[in-house]
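Engineer: Sequence first, then the predicted structure:
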Amino acid sequence: MTSRNYQAGEKIIAEGTYGTETYFIESGMVAIRKETGEQASKPLAELGVGDMFGEMVLLDDVGFRSASAVAMTDVTVHVVGKQQLEQDLQATPSRVRYLLDTLKKRLQATTDKLSVVQNKLAKQAAQLTLWKIYGVILSVVVVAQWLMPLVLPLLK
């Protein structure tokens, strides 16, 4: 993991750009924003210590950012690249990898279903809901990754 520092107001990731890293907030606050036009954006979330962002690039092969992240305060983040995460996953038991792959597929299926809902709902409400669901599901994935090695011996 690499640490990086950003000043308040500095853009950490820009929507539409290519990226292969996930960011874990060590200190400070980050705003996740969806671009709505020239020089305009809508807030999707405010994240703080212990939160992460940029995780969707680790779950798909596209790698293009679906939103921007801007430092609200001075921020320190730990950065994990997709290649490092994939190496870490290879070191985990096959059951854990299977669990994560299943959760990934379910997340992708949920995302596909949400895109239909998104067309029926107001654009802003749908975007906020989608980000909240991503956050919850990805939190479960991260917790499962770290807890499964502890739980598996108990199941034997």
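Structural biologist: Sure thing, it's come through.
Engineer: Please make it C-alpha for all contacts and neighbour counts, starting now.
Structural biologist: Will do.
Engineer: What segments of the protein are helices?
Structural biologist: When secondary structure is read from DSSP state H, the chain shows helices at 56-59, 82-90, 94-120, 123-155.
Engineer: what's the average pLDDT for the first one?
Structural biologist: Meaning helix 56-59. Throughout helix 56-59, pLDDT has a mean value of 71.
Engineer: and if you look at the last one?
Structural biologist: Helix 123-155 shows a mean pLDDT of 70 in the predicted model.
Engineer: Same check on the second one?
Structural biologist: Mean per-residue pLDDT for helix 82-90: 82.
Engineer: so how far is that helix off the chain centroid?
Structural biologist: 15 Å (CA atoms, centre = their mean, to the nearest Å).
Engineer: Which residue, other than its chain neighbours, is closest to the residue positioned nearest the centre of the chain?
Structural biologist: Nearest to the mean C-alpha position of the chain, by CA atoms, centre = their mean, lies Glu55 at 2.8 Å. In space, and not counting its chain neighbours, Glu55 is closest to Thr22: 5.0 Å by CA to CA, 6 or more residues apart in numbering.
Engineer: got a list of what that neighbour touches?
Structural biologist: Met52, Phe53, Gly54, Glu55, Val57, Leu58, Val79, Val80, Gly81, Lys82 (CA atoms under 8 Å, 6 or more residues apart in numbering).
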